[in-house]
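1. sequence? don't have it. structure:
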């Protein structure tokens, strides 16, 4: 099953089920609100187009961030072997965690705002885990059951700000820089289920920059739900970004970074793709 959040003509948003070329309204403002319902699977599965309205056309829908106001976005750094090696680091014993804020999120087709304050805006294609149940100190079985599904995310990063200090948060939390979408796909539709093995890639202006498989994650989605929920309660609509493979711009020689006018494509097998144009953003807004 595929679920998405689309923008509506009245300026709001709507959670929908994606059925091929059409979408069916589910009666909730976003996927996160839907997931907060204990019977969200039943609600999403049994929804049908209302008699008074036709199913919305997915092809014309403007996708909002999959979860518009997640309570938590927990990100994992250094979780693919090849990326760890290209960044010159040792394989970690434990996940490297940091947080993002909801204001960083944009939809699958929205512009990415390139801050004028950075000279080193970089790409990071990632598999996003979306939580569908409340868990604390989850066992493996509980962690598996708490995963509602997966989506595409790009943890676009200001490298010069990231490495100003030993803490990464300031490089990771720039407004309107992080695509999340277009859909949530439930584990039953994916090879590997809650531990999916999917081709992942990023492109800049049609040039492949990253290419790997999510089956190569050091800490898989289930292990991450167990680990994070040990510290804090995970709730429906929370997001875990599982880390990026090798091929980021900062590690290239010479280094390469995103510029205004470029298109960043982030794609994961079975989960769709985000296609985002980079636009300059200064103190007075986009330019």
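-> Sure thing, it's come through. Just so it is clear, the structure is predicted and the values come from calculations on it, not from any experiment.

2. mind checking how far residue 188 is from residue 217?
-> 20 Å (Cβ to Cβ, to the nearest Å). No exception for glycine: its C-beta is placed from N, CA and C like everyone else's.

3. who has more neighbours out of these two?
-> A direct count of neighbours by other Cβ atoms under 10 Å for residue 188 and residue 217 places residue 217 higher, at 23 against 9.

4. leaving out the residues flanking it, which one is nearest to the more buried one?
-> residue 79 (5.4 Å; Cβ to Cβ, 6 or more residues apart in numbering).

5. what is the burial count for that neighbour?
-> 25.

6. give me the phi and psi for it.
-> Main-chain torsions, residue 79, degrees, to the nearest 10: phi -120, psi 0.

7. OK, contacts around it?
-> Residues near residue 79 by Cβ atoms under 8 Å, 6 or more residues apart in numbering: 95-96, 217-219, 242-244.

8. again, but for residue 41
-> Residue 41 neighbours (Cβ under 8 Å, 6+ apart): 1, 186.

9. how about residue 94?
-> Applying Cβ under 8 Å, 6+ apart, the residues contacting residue 94 are residue 227.

10. secondary structure class for it?
-> coil (DSSP: H, G, I helix; E, B strand; the rest coil).

11. could you check how far it is from residue 38?
-> Here residue 94 is placed at a distance of 32 Å from residue 38 (Cβ to Cβ).

12. same check, this time on residue 220
-> 26 Å.

13. who has more neighbours out of the two?
-> Neighbour count, other Cβ under 10 Å: between residue 220 and residue 38, residue 220 has more, with 22 against 12.

14. correct me, but that one touches residue 195?
-> Yes - under the criterion of Cβ atoms under 8 Å, residue 220 makes contact with residue 195 at 4.7 Å.

15. what residues does the spatially closest residue to residue 219 that is not a sequence neighbour make contact with?
-> Spatial nearest neighbour of residue 219, excluding adjacent residues (Cβ to Cβ, 6+ apart): residue 95 at 4.9 Å. Each residue near residue 95 by Cβ under 8 Å, 6+ apart is listed here: 76, 79, 219, 223-224, 227.

16. what pLDDT is listed against residue 95?
-> In the predicted model, residue 95 carries a pLDDT score of 96.

17. now do residue 58
-> Looking at residue 58, its pLDDT stands at 54.

18. same question, the one 3 residues further on
-> pLDDT, residue 61: 59.

19. cool, residue 52 as well?
-> For residue 52, pLDDT reads 46.

20. circling back: show the buried residues in the contacts of residue 79.
-> Buried members of these, scored by 16 or more other Cβ atoms under 10 Å, are 95, 217-219, 242-244.

21. now secondary structure too, for those, in TSV please.
-> Below are the buried ones among the contacts of residue 79 laid out as TSV (three-state DSSP):
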residue	secondary structure
95	coil
217	strand
218	coil
219	coil
242	coil
243	coil
244	coil
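
22. tell me the one among those nearest to residue 111.
-> residue 244 (20.9 Å; Cβ to Cβ).

23. chain neighbours aside, what residue packs nearest to the closest one?
-> Residue 244 sits nearest to residue 124 (Cβ to Cβ, 6+ apart), 3.7 Å away.

24. the one you found against residue 152, yeah?
-> No - between residue 124 and residue 152 there is no contact under Cβ under 8 Å: 11.8 Å.

25. which strand or helix spans the residue nearest the centre of the chain?
-> What sits nearest the mean C-alpha location of the chain, by Cα atoms, centre = their mean, is residue 153, with 2.7 Å. According to DSSP states H and E, residue 153 maps onto strand 147-154.
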